[in-house]
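Asks: predicted model and sequence below, questions to follow.
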Amino acid sequence: MSHLHEDKIKFLEEMANQIRQSIIEMLVAAGSGHSAGPLGMADVFTAIYFHILAHDPKNPDWEGRDRLVLSNGHICPVLYATMAHAGYFPVKELKTLRKFGTRLQGHPHRMALRGLETTSGPLGSGLSQAVGMALGLRMDKKLNWTYCLMSDGEHDAGNTWEAAMLAGKERLHNLIAIVDRNNIQIDGYTENVMPLEPLAAKYRAFNWHVIEIDGHNFEAIVNAVEEAKAIYEKPTMIVAHTIPGKGVDFMERRFEWHGVPPDAGDVSGAPPKGEQARVALEELRTLGGKIQSEHQ
Amino acid sequence: MPINLRAKLVENILDFQSIEQRPTRDGYGQGLVRAGEENPNVVALCADLTESTRTLLFQQKFPLRFLEIGVAEQNLAAVASGLAAVGKVPFISSYAMFSPGRNWEQIRTTICYNERNVKIAGAHAGVSVGPDGATHQAIEDIAITRPIANMTVLVPCDVEEARKVTVAAGKFVGPVYMRFAREKTPVFTTAETPFEIGKAYVFWAEPDGRKPDVAIVACGPLVHNAILAAAELEKEGTSVRVINNPSVKPMDEKTIIEAARDAGAMVTVEEHQVAGGMGSAVAEVLAKNYPVPMEFVGVQNRFGESGEPSELIERFGMGVKHILEAVKRVRERKRD
């Protein structure tokens, strides 16, 4: 099925693991920020930046690049960590996250860091911006793809659906959105806070092509994007089912870790504060070893 | 007659019977077409108000550069941000009550903080929308746009200046909010009347060799009322300087401070809440540089209501009579 070579999959898995470790380290250094979402989206970000996206980290303004909008700006630790590992800026700079004078603002700011396509944080307006980019590129008959990474929680916002309607109306086939369907938001599980299901059916009704995938399976992520590119006359929504906190056992599937950094979480089942980062990093390092051995 | 000749205003400026009347939104429509002719990257977006915002003229001329967004003002602003990201110069239009009223956060974050070159046209601003009533009468739009960093705020006084404002916004790089009105109002400037972003203009000057007794700083169609008030005052022997102040941000501080220094008292006039509007911006400049007694003509902490535009201007205290009263009050407070 997939065009991905086994070696490439192995490379992507190891890279995602390194990115997860960077996320833990930068959040601990910052002392605040979001844990669950960034860890859950590490595989999708790795697939995008290390396989899917047309981009040049040494020349972020390259005209021929694809555009990537991160709509739910609060998961920016995964964006920053992935960009650093991809070569946009030194990995050691990740530890400046959220500190005064940093290029890595608490929510991403385009004017602070080259390579960011937009400023985001307030939820619900990223898809609109991606729609605008895709419309503008299409007007100029440019073939670059526009990607929009979104959260499930921001589907509570009316602005998201305004954008979904416009993309369907305009048949924006050059727009590929990926929603992080991790089922959590700050106040709890999405289906308790504000039920979103049937999410895929809603997008289909808005004239989108919809693909549902396991957001931790690199073949599935890459295949879905390939399929999206083959669909004309419709934008595509990839519903990526992910595990929030993925890779760190005591964080997985726990909404309590949505907005809390490691070592600051008072969550049942977690190691004591001060021990959390060490345990998480050790687990990730071990997991890295396991993945390697599975493919040998 | 103390009309400032350098302002190149119409000759029949004081004749309410013969002066041409047109709405400032017409100037937006004309200016937008001109901006589109000058720059192929100019695109226009509208939220289901294409005819009444006069975006229709652009749509007819450049159908492929027009986008109908529907009744979705948050999307209107954020889609424009995305278009600007790929090199377009989007002009977005709706009623001011909805844009920048409903979509303020999208304007702040995705356009201003994000430094995107988007132009926001707020139509049907002020109480002179008339019969539609308070829900559609934007009287807070200047107050909510001018504190946003990177934003420029322009309030044209008639259809001719509205056209110039729109063309200038198209050439300017950065977010601009432009305020337009629904109702026909006197056309008292001409193609030769100067307009530049960041400049205020003396439209009525005190007689030669005399200091003004009071300065009136106005923006929007009420500048005409300020001039009518000045003509009345002149008959009584009061010397007045009237300044048209379309560039609320950035403001022409030099012209405003000079007027305060020369007159020693100032009245501001705008069809907007007095809290946070153009008059407040003038007060900020004067408090810091040259404080003088001030009076603020505008809406006084209330909502509008249905009625005929001219009736509402009078009822809410923005008529010529009210400007004269404000001048009287401010002169009484003047320090000798």
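Replies: Received the coordinates, thanks. Model, not experiment: these values are computed from the prediction. Numbering: from 1, shown residues only, chains lettered A, B, ... in the order given.
Asks: A strand includes B:Ala215, no?
Replies: Yes. According to DSSP: H, G, I helix; E, B strand; the rest coil, B:Ala215 belongs to a strand.
Asks: hang on, it packs against B:Ala263?
Replies: Yes. Using CB atoms under 8 Å, B:Ala215 is in contact with B:Ala263, at 3.9 Å. Where C-beta positions appear, they are placed from N, C-alpha and C, glycine not excepted.
Asks: joint contacts of those two?
Replies: Counting by CB atoms under 8 Å, 6 or more residues apart in numbering or on different chains, the residues touching both B:Ala215 and B:Ala263 are B:Arg241.
Asks: which one of those two is surrounded by more residues?
Replies: Neighbours per residue, other CB atoms under 10 Å in any protein chain shown: of B:Ala215 and B:Ala263, the larger number sits with B:Ala215, 29 against 23.
Asks: so what's the more buried one bridging to?
Replies: Note on B:Ala215: beta-bridge partners by DSSP bridges are B:Arg241, B:Met266.
Asks: those strands in the chain, which residues are they?
Replies: No chain was given, so I picked chain A. A:67-70, A:146-151, A:175-181, A:184-185, A:188-189, A:209-214, A:236-241 (DSSP state E).
Asks: sorry, should have said chain B
Replies: Along chain B, counting by DSSP E, strands occupy B:21-23, B:42-46, B:66-68, B:89-95, B:119-123, B:152-154, B:176-179, B:184-186, B:201-204, B:214-218, B:240-244, B:247-249, B:266-273, B:294-299.
Asks: is it possible to get TSV of these that adds mean pLDDT and distance to A:Arg181?
Replies: Output for those, formatted as TSV (pLDDT from 0 to 100; distance: least, CB to CB, whole Å):
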stretch	mean pLDDT	distance to A:Arg181
strand B:21-23	97	49
strand B:42-46	98	31
strand B:66-68	98	30
strand B:89-95	98	32
strand B:119-123	98	35
strand B:152-154	98	41
strand B:176-179	98	38
strand B:184-186	96	54
strand B:201-204	97	58
strand B:214-218	98	55
strand B:240-244	98	56
strand B:247-249	98	43
strand B:266-273	98	45
strand B:294-299	98	48
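Asks: not counting sequence-adjacent ones, nearest residue to the residue of the stretch 101-250 of chain A found nearest chain B?
Replies: Chain B sits closest to A:Gly132 of the stretch 101-250 of chain A, with a gap of 2.1 Å, by CB to the nearest CB. Distances taken as CB to CB, 6 or more residues apart in numbering or on different chains put B:Gly82 closest to A:Gly132, at 2.1 Å, once the chain neighbours are dropped.
Asks: ok, now which ones touch the one you found?
Replies: Listed by CB under 8 Å, 6+ apart, the contact set of B:Gly82 reads A:Val69, A:Thr118, A:Ser128, A:Gln129, A:Ala130, A:Val131, A:Gly132, A:Met133, A:Ala134, A:Leu135, A:Gly136.
Asks: tell me how far it lies from A:Val131.
Replies: Look at B:Gly82 and A:Val131: by CB to CB, to the nearest Å, they are 6 Å apart.
Asks: what's the answer for A:Ala224, then?
Replies: For A:Ala224, the distance to A:Val131 - CB to CB - is 20 Å.
Asks: more neighbours, those two?
Replies: Taking other CB under 10 Å, A:Ala224 and A:Val131 do not tie; A:Val131 has more neighbours (32 against 24).
Asks: thought A:Glu162 was touching the more buried one, still the case?
Replies: No. Contact criterion CB under 8 Å: A:Val131 and A:Glu162 do not qualify, at 9.4 Å.
Asks: now the common contact residues for the two.
Replies: Counting by CB under 8 Å, 6+ apart, the shared contacts of A:Val131 and A:Glu162 are B:Asn75.
Asks: these two touch, right, B:Leu45 and B:Ile92?
Replies: Yes. Taking CB under 8 Å as the definition, B:Leu45 is a contact partner of B:Ile92 at 4.7 Å.
Asks: quick check: phi and psi on the closest residue to chain A within the stretch 101-250 of chain B?
Replies: Residue nearest to chain A within the stretch 101-250 of chain B: B:Asn114 (4.2 Å; CB to the nearest CB). The phi/psi pair for B:Asn114 (degrees, to the nearest 10) reads phi -80, psi 0.
Asks: so which residues on the stretch 101-250 of chain B come close to chain A?
Replies: Within reach of chain A by CB under 8 Å from any CB of the partner chain, the stretch 101-250 of chain B has these residues: B:Glu105, B:Gln106, B:Thr109, B:Thr110, B:Tyr113, B:Asn114, B:Glu115.
Asks: ok, the last one touching B:Asn150?
Replies: Okay, so that is B:Glu115. Yes. Contact between B:Glu115 and B:Asn150 holds when scored by CB under 8 Å: they sit 6.1 Å apart.
Asks: comparing these two, which shows the higher neighbour count?
Replies: When neighbours are counted by other CB under 10 Å, B:Glu115 and B:Asn150 differ, and B:Glu115 comes out ahead with 17 against 14.
Asks: from B:Val173, how far out is the more buried one?
Replies: Distance from B:Glu115 to B:Val173, by CB to CB: 9 Å.
Asks: about what we covered before: give me the common contacts of B:Leu45 and B:Ile92.
Replies: Common neighbours of B:Leu45 and B:Ile92, using CB under 8 Å, 6+ apart, are B:Leu76, B:Ala80.
Asks: those two: which has the busier surroundings?
Replies: Between B:Leu45 and B:Ile92, B:Ile92 has the larger neighbour count (other CB under 10 Å), namely 30 against 27.
Asks: ok, what's across the strand from that one?
Replies: Bridge pairing for B:Ile92 - DSSP bridges - gives B:Leu45, B:Ile120.
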